[in-house]
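**Q** 3D, please:
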Amino acid sequence: ANAATTGFSGAVALSSGTTTAGSSGVLSIGSGDAAGGTGGAISLSVGGGNSGAGGSVQVTAGDTSANSKAGGAVTITAGAGTSGTAGTGGAVSVAGGSGNAGDGGAVQFSSGSSTSSDSGAFTLFTPTGGSGGTSGNMVFSTGHAQSGTAGSITLSSGKGVSGQGGDITLSVGDGNSLAGGDVTITAGKTTAASVTGGSVAITGGAATATSNTVGGPVSLTGGVGRDLTGGAISLLSGVGTDTTSGTISLTTADSGAGGASGAIDLTTGKGSGGASGAVNVVTGVSTSGAGGDIVLSVGTGSTNPGGAVSIIAGETTSGVGGELQSVSGVGTTTSGAVFVRSANSPASGALVFSSGTATGGASGAVTISSGQGIGGVSGTVTVQAGQTNDAGSAGSVLLYGGLSTGGTGGQAVLQSGQGKSSGASGATYVRTSNSAASGTSGALTLESGTAVSTSGSVSLLVGKSTSGAAGNLL
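**A** Residues are numbered from 1 along each chain as shown. The predicted structure follows:
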């Protein structure tokens, strides 16, 4: 009954009786079936109040002390839609209470705890779709924020006190029609000025023990392709619609006090039925400026020697090894220069051009040549030792034929260029430079080498002429 002005209304208790030797009675609350209308609803509702917290609704299944038996289950199931014409099952909605000046009520789902075994599993899933439909979607979404930051979504497994933390797996189901399902991770967009869009961070797990620990790796792997190619991996920075696109950085972290920083490997896989994949390092085209530079640089070190840069063409087990080409860029007026030099230093390093050793034939030739002049003069080839500023002699230029351990040594030939058609061949000058104002010019010596038997001859000859006078020897 209703209470008086200062009392409480009476309590209502629905309960089956207790028993000492069997199961207690079942308590059923239900509305009747309707043959020509809707079945009656059942409403459990707590009355409103104006003092203290609102009244609770609690549904608790029964405990059991029986061995190897589970406690009672709580099942909430919406009504079935059994009509063959667009019959839809009823929805189940669980919502926290609204708040006026304070926060809305929280919704918490928790599996059961255990004092000596595993806690209960927590499973959210949509059932398998019927013969003519798909399985239902699953949406995890926080609400919009009218003033402030929208709520975050956190997926986190628990700590392992005497084992590892739980795995987190994001996996798309298999299909047998159309392309495989995608996994898309997109950070938040912002329309605010002078701030950046949200970032996406993937970090391997830390290993914090003091000995024999390795941090967790991060792996990006394209999908397996059986009949055609495997899936590609693309790293693409963000577009700057009005300014510069984003940078892509591949960097290993700084090492600890007793180690080296990690290596970066760019490697294509083996080719079982064809060529292995190429590695292309190419900067983009610029429509209103210079193309981007490519820089290969070794970091500064504190020990001797410094780190090396090695560029090695491919080896083959049958045929000719791969070429190594260094080509400057094409220009509408002049192509770019190519510089090969050692760095400035108290004593600069040597520069060596050498072909490899041949184990079953002739070693490779070394050719230093300027390009053809199709519409002008071809370029000059200059071989010159460096200048010296001290009182000693400047560096020499030495031309040697090859050494032979069982035959004749290689020749050393200085020959001018041929002039085809009606042109004359080029002159050859062998001379010492002019001296300074108070010095002497260098001597010029033509000498054959010392021999145990007969030393070589020295010949000065003018060439033959087939249709004119032979040249003079002065």
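**Q** export stretch 385-404 as PDB, just CAs?
**A** Extracted in PDB, the C-alpha atoms of stretch 385-404 (Å, rounded to 0.1, in the frame of the first residue of the first chain):
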ATOM      1  CA  ALA A 385      99.100  15.300 -60.000                       C
ATOM      2  CA  GLY A 386      98.100  17.700 -57.300                       C
ATOM      3  CA  GLN A 387      99.700  20.900 -56.300                       C
ATOM      4  CA  THR A 388     102.000  21.200 -53.300                       C
ATOM      5  CA  ASN A 389     102.600  24.300 -51.200                       C
ATOM      6  CA  ASP A 390     105.600  23.200 -49.200                       C
ATOM      7  CA  ALA A 391     109.300  23.100 -50.300                       C
ATOM      8  CA  GLY A 392     109.200  19.500 -51.600                       C
ATOM      9  CA  SER A 393     108.400  18.200 -55.000                       C
ATOM     10  CA  ALA A 394     104.800  17.900 -56.300                       C
ATOM     11  CA  GLY A 395     103.300  14.500 -57.100                       C
ATOM     12  CA  SER A 396     104.400  12.600 -60.100                       C
ATOM     13  CA  VAL A 397     102.300  11.200 -63.000                       C
ATOM     14  CA  LEU A 398     103.400   7.600 -63.800                       C
ATOM     15  CA  LEU A 399     102.300   5.500 -66.800                       C
ATOM     16  CA  TYR A 400     103.400   1.800 -66.600                       C
ATOM     17  CA  GLY A 401     102.700  -1.200 -68.800                       C
ATOM     18  CA  GLY A 402     101.700  -4.300 -67.000                       C
ATOM     19  CA  LEU A 403     104.300  -6.600 -65.300                       C
ATOM     20  CA  SER A 404     104.600 -10.200 -66.800                       C
END
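**Q** hmm, who's touching it?
**A** 383-384, 409-412, 414 (CB atoms under 8 Å, 6 or more residues apart in numbering). The way it works is simple: take the backbone N, C-alpha and C, and place the C-beta from them, glycine included.
**Q** farthest-separated two in the residues you listed?
**A** Gln384 and Gly409 (25.6 Å; CB to CB).
**Q** how far away is Gly90 from Gly299?
**A** 67 Å (CB to CB, to the nearest Å).
**Q** how many neighbouring residues does Gly71 have?
**A** 13 (other CB atoms under 10 Å).
**Q** grab the nearest non-local neighbour of the residue most central in space within the chain.
**A** The chain has Leu235 as the residue nearest its centroid, 6.2 Å off, counting by CA atoms, centre = their mean. Of all residues not flanking Leu235 in the chain, Ile248 sits nearest, at 5.7 Å (CB to CB, 6 or more residues apart in numbering).
**Q** mind checking pLDDT for that neighbour?
**A** pLDDT, Ile248: 88.
**Q** just Gly7 next, same as before
**A** Reported pLDDT for Gly7: 69.
**Q** if we can go back for a sec, between Gly90 and Gly299, which one's more packed in?
**A** Between Gly90 and Gly299, counted using other CB under 10 Å, Gly90 has the larger neighbour count: 10 against 7.
**Q** the more buried one touches Ala78, doesn't it?
**A** Yes: using CB atoms under 8 Å, Gly90 is in contact with Ala78, at 3.3 Å.
**Q** excluding chain neighbours, give the residue nearest to Asp63 in space.
**A** Gly71 (5.8 Å).
**Q** now that neighbour: how far from Ser65?
**A** Where Ser65 is concerned, Gly71 sits at a distance of 10 Å (CB to CB).
**Q** if I pick Met138, what's in contact with it?
**A** Residues counted as contacts of Met138 (CB under 8 Å, 6+ apart) are 124-126.
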